[in-house]
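S.K.: Kindly return the folded structure for what I paste below:
(one chain, ligands or ions: 1)
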Amino acid sequence: MRITVIGCGYLGATHAASMAELGHEVLGVETDEARRATLAAGEVPFYEPGLAELLGRHVASGRLRFTGSAAEAADFGDLHFLCVGTPQSASGLGADVSQVDAAIDALAPHLTRPALVVGKSTVPVGTAARLAARLAELAPAGERAELAWNPEFLREGFAIKDTLEPDRLVFGVGSASAERTLRDFYAPMIDAGSPVVVTDFATAELVKVAANAFLATKISFINAVSEICEVTGADVVDLADAIGHDARIGRRFLNAGIGFGGGCLPKDIRAVLHRAGELGVDDAMSFLREIDDINQRRREYVVGLATSMLGDSLIDRRIGVWGAAFKPDSDDVRDSPALWIAGHLQLRGAQVSVYDPRAGESARRVFPTLTYASSALEAATDADLLLHLTEWPEFRELSLDQVGSVARGRRLLDGRNVLDLAAWRAAGWDARGLGRR
Ligand code: UGA
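M.R.: Have a look, this model is predicted:
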C-alpha cells in the first residue's frame, strides 16, 4: 500500500522504516527541515538499535521518501499515520496536543478522495472524537475522510521488534470499513499471531495511558517497598523474585532502583492525572501523584546517600557516573533519573564525570557543565565514589581490578541493582545497592 507517516520522531521514523520493510511504499512527512534532511540522507538523528540500517536500506531502495508537504502526502496515500509528539505542556501537567491539531489542519484540506487517518500518538481521551469531527469538516471528501485510533506500544531499545511483532493491536474505529482497512494493513502481524482488540476511540486512547500508568505503578510500588527494605535490612531483589513467581504479579517491571524516566511514562501519568481532573473525576487517578512522588524520591534519596557515603560534604569530591540515558540501548536523556542525579550532585559541589556508551552527546546538550568521559574507566579515574545509574551491559563486564587501579576511593553505589555487589565487596569496596541487604 501507499501510506504516509506524519511526524518522523522516534515513533514515526520507526513506523515508516518498519512499514517499508513490510513492502509498503512510504512517504514520511516531517516539517522540521534539518530532521527531514537527515532522514532523507538515510540517517537517524537518535540511537535505536537496528533502525539506522533499516531506514538507510529503504531510503536506498526508494520505498521510503520524506517530504514537508501535506499536499504531497494527501496526493500520495490513502492511509495516513499520525505519529507526531504530544509532550507535557509547558504550562502544566497536561499533554500538549498542538502538533496533532496542526497535522490534521495541514492534511485535511487536501483530502479530496476517501482516506483513513490513523492516530498513533498518545493523546488525552476525547482527542480522537474531536479530531474526527475536524477532519470531516475540513476535508473536501467530507465524512469519507475518516479517523481511526491505533495506539503504539513500542519500547525504546526494542522499537523495531515491537513494531513488527506487536504483542497486541488496538483499533479504535468508527466504522466497519475502517476496521477492515486496518485488518488488511496489519495482516502480516495478525497472521503471525498478534491479537487484535477492536473498540471505540475513547477506549483506544485510554488503553495507551492506562498501560503506561500501570507500568509506572509497578515500578513505584517496588521502589516504595525498597524504602521499607532500606530501613529494615530486607532485600528488595529477593523480595521481587519471590513475589514475581506469582503469575498474577509477574517479575517484569519490578526492578527497584533510581526510578523511571524517559519521554513517556512520566509525562503520561501526569497527563492522565490532569485529564481526569478536567473530566471531573480527579480522585480516580489521584494515586498517580503518589506514583510520581515515589519516583522523584528515589533520585533525591540517591543524592543524599551518595553525599553520606562521602562523609556529608561533596565539596571537591570526585564522582564517576556510569550512565546518562534513561535506560540502556537508548541515547534518550528526557527526564532521565541518571542525568538528574549527576546534575544535582554537581550542583552540590561535587566534580562529576559522566560516561554513557551512547547518550554522551544528548546529555551534553541538556547539561553542558558536567564533565563527559569517553570510557567507563576514564569516568572512574580518581573518583571517590562511583555511581552506576544506567544498566548498560558493558558496566557489568568491567574488570574490578582495572576500576580499582584508577579510582581514588573504593565506594560504589549501584542505582540499578544489577551489579554483583558480593564481588565488589570481596575486592574491598564499600558497595551498596538500593533496598539491598
Ligand atoms: C514505555 C512503555 O514501556 C512502552 O510500552 C510505551 O510504548 C512507551 O513507553 C511509550 O509510551 O511510547 P519506554 O519509555 O521506551 O517505553 O521505556 P520502558 O522500558 O517502559 O522504561 C521506562 C523507565 O522505567 C526507564 O527509565 C526504566 O529504567 C524504568 N524501569 C523499567 C525501572 O526503573 N524498573 C523496571 O523494572 C522497569
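S.K.: CA only for contacts and neighbour counts going forward, please
M.R.: OK.
S.K.: What is the neighbour count of C8?
M.R.: Around C8 there are 25 other residues, counting by other CA atoms under 10 Å.
S.K.: I would like the residues contacting stretch 161-172, please.
M.R.: Outside of stretch 161-172, the residues that reach it under the criterion CA atoms under 8 Å, 6 or more residues apart in numbering are 14-15, 18, 148-151, 153-155, 179, 182, 189, 194-205.
S.K.: Can you show me the strands along the stretch 51-200 of the chain?
M.R.: Secondary structure of the stretch 51-200 of the chain (DSSP state E, counting those that start in this stretch): strands at 64-67, 79-82, 115-119, 145-149, 169-172, 196-199.
S.K.: Nearest to the ligand among these would be which one?
M.R.: Comparison of those against the ligand by CA to the nearest ligand atom identifies strand 169-172 as nearest, at 12.0 Å.
S.K.: sorry, back to before: now tabulate the strands of the stretch 51-200 of the chain in a markdown table and tack on mean neighbour count.
M.R.: Supplementary listing: those in a markdown table, determined by neighbours: other CA atoms under 10 Å:
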| stretch | mean neighbour count |
| --- | --- |
| strand 64-67 | 23 |
| strand 79-82 | 25 |
| strand 115-119 | 24 |
| strand 145-149 | 26 |
| strand 169-172 | 24 |
| strand 196-199 | 15 |
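S.K.: Taking the stretch 101-250 of the chain, what residue is nearest to the ligand?
M.R.: Per CA to the nearest ligand atom, the residue of the stretch 101-250 of the chain with the smallest distance to the ligand is F153, at 3.1 Å.
S.K.: Can you pull the phi/psi pair for that residue?
M.R.: phi -120, psi 20 (degrees, to the nearest 10).
S.K.: Let me have the strands of the stretch 51-200 of the chain in CSV, adding distance to G23 and mean pLDDT as columns.
M.R.: What follows is the strands of the stretch 51-200 of the chain, written out as CSV (distance: least, CA to CA, whole Å; pLDDT from 0 to 100):
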stretch, distance to G23, mean pLDDT
strand 64-67, 10, 98
strand 79-82, 15, 98
strand 115-119, 19, 98
strand 145-149, 22, 98
strand 169-172, 19, 98
strand 196-199, 21, 98
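S.K.: I'd like those laid out as TSV, including distance to H388.
M.R.: Below are the strands of the stretch 51-200 of the chain laid out as TSV (distance: least, CA to CA, whole Å):
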stretch	distance to H388
strand 64-67	40
strand 79-82	38
strand 115-119	38
strand 145-149	40
strand 169-172	36
strand 196-199	40
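S.K.: And the ligand, is the biggest helix by length in the chain touching that?
M.R.: Across the chain, the longest stretch assigned as helix under DSSP state H is helix 201-232. Yes: residues of helix 201-232 are located near the ligand by CA under 6 Å from any ligand atom, namely 212, 219.
S.K.: between the host helix or strand of R289 and helix 201-232, how big is the angle?
M.R.: When secondary structure is defined using DSSP states H and E, the element that contains R289 is helix 287-309. Orientation check (axes from the mean of the first three to the mean of the last three CA atoms, to 10 degrees): helix 287-309 against helix 201-232 gives 30 degrees.
S.K.: Helix 287-309: how far from the chain's middle?
M.R.: Going by CA atoms, centre = their mean, to the nearest Å, the spacing between the C-alpha centre of helix 287-309 and its chain's C-alpha centre is 20 Å.
S.K.: Please apply the same query to stretch 331-341.
M.R.: 11 Å.
S.K.: Endpoint to endpoint, that stretch covers what distance?
M.R.: By CA to CA, to the nearest Å, the extent of stretch 331-341 from end to end equals 17 Å.
S.K.: With stretch 158-175 instead?
M.R.: Between the opening and closing residues of stretch 158-175 we find a distance of 32 Å, counting by CA to CA.
S.K.: Pull out the buried positions in that stretch.
M.R.: Residues of stretch 158-175 classed as buried by neighbour count (16 or more other CA atoms under 10 Å): 159-160, 162-166, 168-174.
S.K.: sorry, back to before: C-alpha coordinates for the helix or strand that the helix holding R289 is followed by, CSV please?
M.R.: Counting by DSSP H and E, the next helix or strand C-terminal to helix 287-309 is strand 318-322. Listed next in CSV are the C-alpha coordinates belonging to strand 318-322 (Å, rounded to 0.1, in the frame of the first residue of the first chain):
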residue,chain,number,x,y,z
ARG,A,318,35.1,13.4,42.6
ILE,A,319,32.2,11.2,41.5
GLY,A,320,32.3,9.0,38.5
VAL,A,321,28.8,8.3,36.9
TRP,A,322,28.2,5.4,34.7
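S.K.: who's in contact with the next helix or strand after strand 318-322?
M.R.: If you walk from strand 318-322 toward the C-terminus, the next helix or strand you reach (DSSP H and E) is helix 337-347. The contact list for helix 337-347, computed with CA under 8 Å, 6+ apart, reads 258-261, 299-300, 302-303, 314, 321, 323-326, 333, 352, 354, 363, 367, 370, 389-390.
S.K.: quick one: pLDDT of R437?
M.R.: Each residue has a pLDDT score; the one for R437 is 88.
S.K.: How many neighbouring residues does it have?
M.R.: Counted with other CA under 10 Å, the burial measure for R437 works out to 15 neighbours.
S.K.: what sits against the residue nearest to it when sequence neighbours are not counted?
M.R.: In this structure, R437 finds its nearest non-sequential neighbour in D235, 4.9 Å apart by CA to CA, 6 or more residues apart in numbering. In this structure, D235 makes contact with 226, 229, 435-437, judged by CA under 8 Å, 6+ apart.
S.K.: mind running it again at 7 Å?
M.R.: 229, 435-437 (CA atoms under 7 Å, 6 or more residues apart in numbering).
S.K.: N150 too?
M.R.: Contacts were defined as CA under 7 Å, 6+ apart; by that measure N150 touches 118-120, 170-172, 204.
S.K.: could those residues go into JSON lines alongside distance to T127?
M.R.: Output for the contacts of N150, formatted as JSON lines (distance: CA to CA, whole Å):
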{"residue": "V118", "distance to T127": "13"}
{"residue": "G119", "distance to T127": "10"}
{"residue": "K120", "distance to T127": "12"}
{"residue": "V170", "distance to T127": "16"}
{"residue": "F171", "distance to T127": "15"}
{"residue": "G172", "distance to T127": "12"}
{"residue": "A204", "distance to T127": "11"}
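S.K.: from those residues, which is closest to A376?
M.R.: Each of the contacts of N150 was checked against A376 using CA to CA; the closest is K120, at 37.9 Å.
S.K.: Please look at the closest one and W149 and confirm they touch.
M.R.: Yes: in this structure, K120 is within contact of W149 by CA atoms under 7 Å, at 6.4 Å.
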